[in-house]
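K.L.:
Quick one, what's the 3D model for this:
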Amino acid sequence: MRFQAEIQSKDVVILHSLMRDLEIQSNAELLAQTLAITHWLVSERRQGRKIASVGEEGPIRELVAPLLERVAPEHELPYVEIKWTSEQVTELGALLSAEPPEPTPKLVRIIKG
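P.N.:
Have a look, this model is predicted:
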């Protein structure tokens, strides 16, 4: 398939710089490599994974791109691990099993507006 595109001059500079840095000889090869990387990014984000850069020193940097957010799961649920003691589990069980208390007068006023 033949692919032709017009790009701005600033993007031509980036294109040539990338081709030189990556030792890529043709636009077709650069496009193929770009497609492979983009396909991987989309696949990872679709599964709810974050894309990040991890250096030996310094913080992790997350890639945030509106384009990738289009394929992200609609509702990402946060994962939190809570280390419960047996006493806390027992207390929680008692609270969940008990009859709910009557609302306080202040709460009733707030709800009624």
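K.L.:
Quick check: which element contains L18?
P.N.:
helix 9-21 (DSSP states H and E).
K.L.:
give the contact list for the residue nearest to the spatial centre of the chain.
P.N.:
Central residue of the chain (CA atoms, centre = their mean): K50, 3.9 Å from the mean position. Neighbour list for K50: 62-63 [criterion: CB atoms under 8 Å, 6 or more residues apart in numbering]. Heads up, the C-betas are built off the backbone N, CA and C, glycines and all.
K.L.:
Direction-wise, compare the lengthiest helix in the chain with helix 9-21 and give the angle.
P.N.:
Identified as the longest helix of the chain according to DSSP state H is helix 27-46. Put simply, helix 27-46 runs at 100 degrees to helix 9-21, going by axes from the mean of the first three to the mean of the last three CA atoms, to 10 degrees.
K.L.:
Extract the C-alpha set from helix 27-46 and format it as CSV.
P.N.:
Taking Å, rounded to 0.1, in the frame of the first residue of the first chain, the C-alpha atoms of helix 27-46 are listed here in CSV:
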residue,chain,number,x,y,z
ASN,A,27,9.9,6.6,5.8
ALA,A,28,8.2,3.2,5.4
GLU,A,29,10.5,1.6,8.0
LEU,A,30,9.8,4.5,10.5
LEU,A,31,6.1,4.2,9.9
ALA,A,32,6.2,0.4,10.5
GLN,A,33,8.1,0.8,13.7
THR,A,34,5.8,3.6,14.8
LEU,A,35,2.7,1.5,14.1
ALA,A,36,4.2,-1.4,16.1
ILE,A,37,4.9,0.8,19.1
THR,A,38,1.5,2.5,18.9
HIS,A,39,-0.3,-0.8,18.7
TRP,A,40,1.5,-2.0,21.9
LEU,A,41,0.6,1.3,23.7
VAL,A,42,-3.1,1.0,22.7
SER,A,43,-3.1,-2.7,23.7
GLU,A,44,-1.6,-2.0,27.1
ARG,A,45,-3.9,1.0,27.8
ARG,A,46,-7.0,-0.9,26.7
